[in-house]
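Asker: My questions concern the predicted model and sequence given below.
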Amino acid sequence: MTSSRAPRPASPANTLQSTANAATGPTYRISVADAQAHQFYVELDLADPASGGQEFWLPVWIPGSYLVREFSRHVLQVRAWCAGKPVAVDKIAKNRWKAAPCKGPLRLRYAVYAFDLSVRTAYLDNTRAFFNASSLLLAATGREQHTHLVDIVCPDFAPQWTLATTLPALQCAASGFGTRQAHSYAELIDHPVEMGELLRLEFSVGGAAHAMVIAQGGLLRNQVDDKRLARDLKRICRAQIALFEPRSKRAPFAQYLFMVAPTADGYGGLEHADSTALMCSRRSLPHPRMAEANSDYRDFLGLCSHEYFHAWNVKRIKPQAFTPYDLERENATSLLWLFEGFTAYYDDLMVLRAGLITPQQYLDGLARTIGAVQRTPGRLVQSVSEASADAWTKYYRPDENTPNATVSYYQLGALVALSIDLRLRRDSAAALDDVMRLLWTRYGRTDAPQRAQGVAEDALPALLKELSGLDWRGFFRRHVHGTELPPLKAQLAQFGVTWTTPDDAALDALGLSVQEQPGGWLNVQRVRNGGWAERAGLAAGDLLVALNGERARKSLLERSHALAQPGDVWRVTTMRQDVLQHAEAPWFALPNSRVQLQMADKPPAATRQRRSAWLGLHG
């Protein structure tokens, strides 16, 4: 049964442990205050606080997720004691606290509400616990570069729980609970922690120990093919290590951990230097009787591949704006199309090169990305570099008009990466793999000469010319800083890939997105600029009542669209704010956006060789 009371804290007058006495950095103790109320309990000890009053602060965002999330809103009841006596604590900013001057030792106590079922913050109930330290552990101002000690306590109600993290252990039990350390606050917050009944699988590759832990393992035991999962992950990891380090084939870390939280219908991930936090649906995990990998499992492997690739691209190869991170305000960069888009290009490509999907399955996914970008009117409004810079205010704050106003730097960035790769392979002796290796040796490796500076906003065209001898100024003007899509149809043809354009689904052709409500009523979700739905005056939030005198249903829209002829005028009835509205608009369909890609049967030998080298095919 879950405990509903806070654990008994140690006396504030107690002397600190000998390791903490010698340290000038903070020591934390993390325990479960109340799992049913979703509250962690944190004690923070500082041996010698600042003489004028010690300040503490919490990040407002987490690297990898570019939105100010205000983690401090979940911090509760900050209290302090100095040498056993209460000390006043004032909140001096939205994410900052200051303790009154004292000679120390200083102890801070507070609780944190944790019920965000995502990879970005913290979660706690009686089945599992998870946290990123950036949303849980206050930083001590002026001590950010000092050693940080963290003692994580196993909950009394769950002695069977184990703990998984890559935060280095100092003195831990076999279960993983105990004391861990980081050499700085920045290092501390780069190691998420998962606790609970964990299903664990392990493998070694690139000279590094790798593991995956899956939360709620008791529920999933005997339902997950952990041997297959370990085998497939190892192949993906090996392929990526070989891409960046073709000679040594050594990983840039001693260990790597995939932390997976299965949910009913979740999907997402967040990268860290030697770990990643992942969410997936339970059906995405391979079961023991699975013969061929289904689409859900293939998507999960792509997610794992994406986050693993980030261990190089954005965690070690960084934009200048992130060196170092400023965790108290936005860190804008116009290069997210490079760090997220290139990673999105490589995620499924590495799964293909690892031999875990077929070339056609890879091309199907690529076609979906092309179609999604072509269906986004915002691509004509915003360049991919502008989309990167606007991530903080647009991409992570979507609304019903987002597709009309912005474009995904993930999706369009991946297409830009594809176009660069194909041009390099067609017109030079280089490939995008060589670009990634150059970025790695110049900006990412521990001995990289420009690691501390990071990648400048305008660095890539010169790097590409250095490798290929080609002039990239026009490409960047049109396709990176402009809104013209890369000429992928012609480029793919040069690699033996055919491009056809099937008819769009009815709602896409009409520029309309709806959600079916109870009873079959249609609620308008989004209206695409330039489509029939916009011309008819529809808007997000409208209830679509009738079309041409019949009750509006998806089946009616699809049938009417299939039978429509140029010149037809459709009558539509909607309800907006409980008021009926009537409108008429001539029917028309938007240009087809769907794309179908297929391997050409018998391309010329040179074309086939280029295609095989690009896709990593053998024979």
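Answerer: Received, thanks.

Asker: ok, Glu584 touching Arg571?
Answerer: Yes. If you go by CB atoms under 8 Å, Glu584 and Arg571 touch, sitting 5.2 Å apart. (C-beta placed from N, C-alpha, C; glycine too.)

Asker: Let me see the ranges of the helices in the stretch 151-300 of the chain.
Answerer: 185-188, 217-220, 226-244, 295-309 (DSSP state H, counting those that start in this stretch).

Asker: Mean pLDDT lowest where, among the ones you listed?
Answerer: Here the lowest mean pLDDT among those goes to helix 217-220, at a mean of 88.

Asker: Flag every buried residue along that one.
Answerer: By 16 or more other CB atoms under 10 Å, the buried positions in helix 217-220 come out as 217, 220.

Asker: packing partners for it?
Answerer: Contacts defined by 3 or more CB pairs under 8 Å, 6 or more residues apart in numbering; DSSP states H and E place helix 217-220 against strand 199-205.

Asker: Contacts for the strand it packs on next, please.
Answerer: 162, 164, 209-214, 217, 220-221, 224, 226-227, 229-231, 233-234, 237-238, 241, 251 (CB atoms under 8 Å, 6 or more residues apart in numbering).

Asker: what do you get if the cut-off is 6 Å, keeping everything else the same?
Answerer: Identification of contacts with strand 199-205 by CB atoms under 6 Å, 6 or more residues apart in numbering yields 210-214, 217, 220, 226, 229-230, 234, 237-238.

Asker: Helices of the stretch 351-500 of the chain, residue ranges please.
Answerer: Going by DSSP H, counting those that start in this stretch, the stretch 351-500 of the chain shows helices at 359-374, 384-389, 402-405, 411-427, 432-439, 460-468, 473-475, 488-493.

Asker: Need those helices in a markdown table (columns: distance to Phe177 and mean pLDDT).
Answerer: Below are the helices of the stretch 351-500 of the chain laid out as a markdown table (distance: least, CB to CB, whole Å; pLDDT from 0 to 100):
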| stretch | distance to Phe177 | mean pLDDT |
| --- | --- | --- |
| helix 359-374 | 41 | 98 |
| helix 384-389 | 40 | 98 |
| helix 402-405 | 43 | 95 |
| helix 411-427 | 41 | 98 |
| helix 432-439 | 39 | 98 |
| helix 460-468 | 45 | 98 |
| helix 473-475 | 53 | 98 |
| helix 488-493 | 51 | 98 |
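
Asker: Take the ones you listed and lay them out in CSV including distance to Leu137 and mean neighbour count.
Answerer: Compiled in CSV, those are given as follows (distance: least, CB to CB, whole Å; neighbours: other CB atoms under 10 Å):
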stretch, distance to Leu137, mean neighbour count
helix 359-374, 38, 19
helix 384-389, 30, 24
helix 402-405, 33, 18
helix 411-427, 33, 23
helix 432-439, 32, 20
helix 460-468, 36, 17
helix 473-475, 45, 12
helix 488-493, 46, 17
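
Asker: Specify the stretch among these that is closest to Leu615.
Answerer: helix 359-374 (5.7 Å; CB to CB).

Asker: Off-centre distance for the closest one?
Answerer: 20 Å (CA atoms, centre = their mean, to the nearest Å).

Asker: For the chain, give me the ranges with low pLDDT.
Answerer: 1-23, 619 (pLDDT under 70).

Asker: So what does Val514 look like in phi/psi?
Answerer: When quoted as degrees, to the nearest 10, the phi and psi of Val514 stand at phi -130, psi 160.

Asker: Any figure for the gap between it and Val527?
Answerer: For Val514, the distance to Val527 equals 10 Å [CB to CB, to the nearest Å].

Asker: Ala389 too?
Answerer: 26 Å.

Asker: Compute the number of surrounding residues for Lys227.
Answerer: When neighbours are counted by other CB atoms under 10 Å, Lys227 registers 12.

Asker: nearest spatial neighbour of it, skipping sequence neighbours?
Answerer: Leu201 (7.7 Å; CB to CB, 6 or more residues apart in numbering).

Asker: ok so, going back, how about the helices of the stretch 351-500 of the chain in JSON lines, adding distance to Arg107?
Answerer: As requested, the helices of the stretch 351-500 of the chain are exported to JSON lines (distance: least, CB to CB, whole Å):
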{"stretch": "helix 359-374", "distance to Arg107": "52"}
{"stretch": "helix 384-389", "distance to Arg107": "43"}
{"stretch": "helix 402-405", "distance to Arg107": "46"}
{"stretch": "helix 411-427", "distance to Arg107": "47"}
{"stretch": "helix 432-439", "distance to Arg107": "45"}
{"stretch": "helix 460-468", "distance to Arg107": "49"}
{"stretch": "helix 473-475", "distance to Arg107": "58"}
{"stretch": "helix 488-493", "distance to Arg107": "60"}
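
Asker: Leu590: which of the ones you listed is closest?
Answerer: Using CB to CB, those put helix 359-374 closest to Leu590, at 9.9 Å.

Asker: Please export the C-alpha coordinates of the closest one as PDB.
Answerer: The C-alpha trace of helix 359-374 is given here as PDB (Å, rounded to 0.1, in the frame of the first residue of the first chain):
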ATOM      1  CA  PRO A 359      14.100  -0.500 -48.900                       C
ATOM      2  CA  GLN A 360      10.500  -0.200 -49.800                       C
ATOM      3  CA  GLN A 361       9.500   0.300 -46.200                       C
ATOM      4  CA  TYR A 362      12.100   3.100 -45.900                       C
ATOM      5  CA  LEU A 363      10.800   4.700 -49.100                       C
ATOM      6  CA  ASP A 364       7.200   4.500 -47.800                       C
ATOM      7  CA  GLY A 365       8.200   6.500 -44.700                       C
ATOM      8  CA  LEU A 366      10.100   9.000 -46.800                       C
ATOM      9  CA  ALA A 367       7.000   9.400 -49.000                       C
ATOM     10  CA  ARG A 368       4.900  10.100 -46.000                       C
ATOM     11  CA  THR A 369       7.300  12.900 -44.900                       C
ATOM     12  CA  ILE A 370       7.300  14.400 -48.400                       C
ATOM     13  CA  GLY A 371       3.500  14.300 -48.400                       C
ATOM     14  CA  ALA A 372       3.200  15.900 -44.900                       C
ATOM     15  CA  VAL A 373       5.400  18.800 -45.900                       C
ATOM     16  CA  GLN A 374       3.500  19.300 -49.200                       C
END
